[in-house]
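Peer 1: Sequence plus the predicted model coming up.
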There are 4 protein chains.
Amino acid sequence: MAKIRVLVNGAKGRMGQEVVRAVRAEGDLELVGETDFGDDVERSIRTKGAEVVVDFTQPDVAIENVEKILRAGACPVVGTTGFLPADVERLQDAAAKLERGGLIAPNFALGAVLLMKFAAEAVRYFPDVEVIELHHEQKIDAPSGTAMKTIEAIRRALDGALEEALDDRRASQAEPPASDDRPQEKETVPGSRGGRYLGIPVHSVRLPGYVAHQEVLFGGPGQMLTLRHDSPSRSSFMPGVILAVRKVPRMNQLYYGLEEILDL
Amino acid sequence: MAKIRVLVNGAKGRMGQEVVRAVRAEGDLELVGETDFGDDVERSIRTKGAEVVVDFTQPDVAIENVEKILRAGACPVVGTTGFLPADVERLQDAAAKLERGGLIAPNFALGAVLLMKFAAEAVRYFPDVEVIELHHEQKIDAPSGTAMKTIEAIRRALDGALEEALDDRRASQAEPPASDDRPQEKETVPGSRGGRYLGIPVHSVRLPGYVAHQEVLFGGPGQMLTLRHDSPSRSSFMPGVILAVRKVPRMNQLYYGLEEILDL
Amino acid sequence: MAKIRVLVNGAKGRMGQEVVRAVRAEGDLELVGETDFGDDVERSIRTKGAEVVVDFTQPDVAIENVEKILRAGACPVVGTTGFLPADVERLQDAAAKLERGGLIAPNFALGAVLLMKFAAEAVRYFPDVEVIELHHEQKIDAPSGTAMKTIEAIRRALDGALEEALDDRRASQAEPPASDDRPQEKETVPGSRGGRYLGIPVHSVRLPGYVAHQEVLFGGPGQMLTLRHDSPSRSSFMPGVILAVRKVPRMNQLYYGLEEILDL
Amino acid sequence: MAKIRVLVNGAKGRMGQEVVRAVRAEGDLELVGETDFGDDVERSIRTKGAEVVVDFTQPDVAIENVEKILRAGACPVVGTTGFLPADVERLQDAAAKLERGGLIAPNFALGAVLLMKFAAEAVRYFPDVEVIELHHEQKIDAPSGTAMKTIEAIRRALDGALEEALDDRRASQAEPPASDDRPQEKETVPGSRGGRYLGIPVHSVRLPGYVAHQEVLFGGPGQMLTLRHDSPSRSSFMPGVILAVRKVPRMNQLYYGLEEILDL
């Protein structure tokens, strides 16, 4: 089968350069072009016959870029963050009309995305859960964005299980996690029990030497289940980008979030 | 809704007693009877109107028990190990004719079963994987049965991904794990790289103080994904048993393996 | 050499029974007597010729017990908590006059005590440190007593290093941990950065399935050092008790805290 | 107090540049010179009045460099590997005559060195121990050099404790680790129980995404003690180098191994 023809936009940026290297390393992909600020992306796509365009540029131009990519007949794989829900919807409509595949994802770290997915599944069986995230001491905000997204996924799964259970009038099966209602807890040192986001305890560690790490801890009668992701470097995004590049040509709509295309 | 009526067979055994306690603790389940060696299980089921029978007896009587349970109109949840594939098939046929649900599972530790499931999914994205299992120093055989089953699940997933990739003539997408072909590795201390089961490295630790623990380690460019299960006690089986008790009445066939009914 | 002659007081209690079993399992120890509430301990010691008396009784009788043990000519190994500093001092004076060895320790979990010792040493080289302790969901107070003691040991070591450095006018060598002064930190979710005890961040996890676990995390440029202790059962105290039984006959004073006798 | 005057030899190399940066960042150190291949180190030391010289050059010139540094009146801190025992001894003699401090260390990762030290101490109380080391998939030899050195330190401590116990005729106190004699172990998958170096089981994991990690696992009745070191980057050597720079001016002999000067 023919190789997938890939063009990288924003190829001079740090992330763009990583993508260029990553695409070149794959036998089934062909790098047909590299463009950056000032180049006519639409024209390059047509000239080079690009099927997929990977774009890691700035948010202010990314929307327009997606429109251009779709118009020029290619599938966009976009790693820019900062898209508003309304923008995403508009671009999804545009792709749907063309029956064109595409992906916009704020996080391409495949391991982090798998962790979220597994956590959301595990919590249906182990409703007692806490999250620990560990980052370098320069990180100012706590908890991390990834921890909050993980907890949002866990919360949705818990609520889904709860609703299902209520439908069955079997509340005991999926009662809310014990962590939601332990009024008797006593913090000798305030804050030691961590923060609560959507009812789930979250603990943030900040230490030099650490990079970006996350643990989701589940406990049940007589057992512990722990999911951990460590991403010590930028290159952790590449497997997710490559996965998307391979999948978008066979899709017929634009998705938001790497987790959405894992099972396609 | 009415409670699910549960009878425990082998109620005097250590596991049976745990099941009795666990069933009693659930609001949507009703313990309607306890039987053991010498009792007429079939009759007890009919008299008590049991819908589900949990059976943790010996292998030599378990087959007959399943037949009795089905005949008496209840759904079996059986934790006995040592069933032959042919036996399982025969019992599945019997249940299918009756359109009756049931479950035979060698391992009811929900966390261990989830770990296998997640590992099989993760390996599609991270083909480089190793398994470490840690047990008490009294455990004679290495690796553990759970580790071997986990690796079997990983291997099936890897092979499936490989075949898919070959169908697409995109061998690069799912090339065999690097761990399969590293002829250049040099073991200064023989055995330090662990054993290989189905091509996957496996490491067994045996130390006092440990009970039953397993880690599956995935590595990819710039990231590590780790799944860990610790089961320090017998009670780790109960959530899996309770889950099965809730599901079998709504099923119409007999499954083998707790993992098979997770998504039902 | 002759075996060490051991008498267990409080032998009918849960801990006492464990001690009886543990002493019997050691080749160099001889169990010469078991006493409990109502028995004349002093007389039993003399009659049996006990050299060491292990006492895990109630705080209200423990002080008197230590006095009786010393008077009868034996060395006390006492695991009762709740001694006041003044009581300990008085008993230490009594032992010193007799040049008799002895130990009163609130925590006999050797691993936990080693962890404290190592943490106090490591912090001299890695002043950035955080503590995570994980316990079962029934534990009401947070953080755990062991975590607080560990932090107290770390704090003393940090302050000692700081003073040393000030003496040298080399403040940079042992400047206070960065964790002490990060005013810029921003908690999106209050409490997520944990509690602070003596300036050290501490995080408490409470989940079913967990028993008693503690991690001390150190971070420095390009590296992480982690110390972890898991004590899933009561028997974790026995190696510490046995160690003390072996050491007290050769000591000539009474110590408070298992860590004090490790290097004797 | 005056700052310590430091000269960096091999300042153009990758490690040398890191040292230059690290020295500059410390308030109590003054970088007085940078030399490299072709420069007259001896003369630079005298001219600049350097008290300490850090040398990360090649093994073939390192011996001569240490001699020059000592002759010129400064204290050497040398990170070159590959010194023969005879060379080290000769240099130690030279330093001893001058009552000059110095350090030659094959490993400056403070965390790794602390881990060895703690492991050697812990094994006296927990003789059952196994080592797991995890490295990137490009590492060819197994186990790692650091793992072997760690095991050598553990072995020495075990043998010391054993001898002590034999002296006391109390063999039971320090009997060889159970791991030494478990003839009944059965490896279904050969190699799964790992390699044995000096009688201690060692397991090597090789996966992409990993850098350099080591765990020492101790088990005793009812408890587990785990020591872990992760060193994801080259900068992990700097705290050890800076520590040595501060200590050598106050020493009066040349030591081999960072662990030797920790308690000075």
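Peer 2: Structure's in. What do you need?
Peer 1: from the middle of its chain, how far away would stretch A:129-149 be?
Peer 2: 15 Å (CA atoms, centre = their mean, to the nearest Å).
Peer 1: my bad, stretch A:116-125
Peer 2: With CA atoms, centre = their mean, you get 16 Å for stretch A:116-125.
Peer 1: List the contacts of that stretch.
Peer 2: Residues from elsewhere that reach stretch A:116-125, judged by CB atoms under 8 Å, 6 or more residues apart in numbering or on different chains: A:129, A:149-150, A:153-154, A:156-158, A:161, A:174, A:216, A:218, A:220, A:225, A:227, A:259, A:262, B:110, B:114, B:117-118, B:121-122, B:227, B:239, B:243, B:262. The way it works is simple: take the backbone N, C-alpha and C, and place the C-beta from them, glycine included.
Peer 1: I'd like the average pLDDT over it.
Peer 2: For stretch A:116-125, the mean pLDDT works out to 95.
Peer 1: So for that stretch, what gets flagged as buried?
Peer 2: A:M116, A:K117, A:F118, A:A119, A:A120, A:E121, A:A122, A:V123, A:R124, A:Y125 (16 or more other CB atoms under 10 Å in any protein chain shown).
Peer 1: Phi first, then psi, for A:H213.
Peer 2: phi -140, psi 150 (degrees, to the nearest 10).
Peer 1: can you state the direction angle for the helix or strand hosting A:E121 and helix B:110-122?
Peer 2: Element membership for A:E121 (DSSP states H and E) is helix A:110-122. Interaxial angle, helix A:110-122 versus helix B:110-122 (axes from the mean of the first three to the mean of the last three CA atoms, to 10 degrees): 140 degrees.
Peer 1: Can you name the next helix or strand after helix A:110-122?
Peer 2: With DSSP H and E, the next secondary element past helix A:110-122 is strand A:129-135.
Peer 1: does chain C sit close to that next one?
Peer 2: Yes. Judged by CB under 8 Å from any CB of the partner chain, strand A:129-135 and chain C are in contact via A:V129, A:E130, A:I132, A:L134.
Peer 1: I'd say the first one and A:I200 touch.
Peer 2: Just to be clear, that refers to A:V129. Yes. Using CB atoms under 8 Å, A:V129 is in contact with A:I200, at 6.1 Å.
Peer 1: For those two, work out which one has more neighbours and name it.
Peer 2: A:I200 (25 against 22; other CB atoms under 10 Å in any protein chain shown).
Peer 1: ok, for the more buried one, nearest residue in space, not its chain neighbours?
Peer 2: A:I151 (4.9 Å; CB to CB, 6 or more residues apart in numbering or on different chains).
Peer 1: buried ones in stretch A:149-158?
Peer 2: Neighbour-count burial for stretch A:149-158 [16+ other CB under 10 Å]: A:K149, A:T150, A:I151, A:A153, A:I154, A:R155, A:A157, A:L158.
Peer 1: what's the answer for stretch A:242-249, then?
Peer 2: A:I242, A:L243, A:A244, A:V245, A:R246, A:K247, A:V248.
Peer 1: for the stretch 1-150 of chain A, which spans come out with low pLDDT?
Peer 2: A:1 (pLDDT under 70).
Peer 1: Return the distance of the host helix or strand of A:R5 from the chain's centre.
Peer 2: According to DSSP H and E, A:R5 maps onto strand A:4-9. Strand A:4-9 has its C-alpha centroid displaced from the chain centroid by 21 Å (CA atoms, centre = their mean).
Peer 1: For chain B, see how far away A:N107 is.
Peer 2: 12 Å (CB to the nearest CB, to the nearest Å).
Peer 1: in the stretch 51-200 of chain A, which spans are strands?
Peer 2: A:52-55, A:75-78, A:102-104, A:129-135, A:141-142, A:186-187, A:195-197, A:200-206 (DSSP state E, counting those that start in this stretch).
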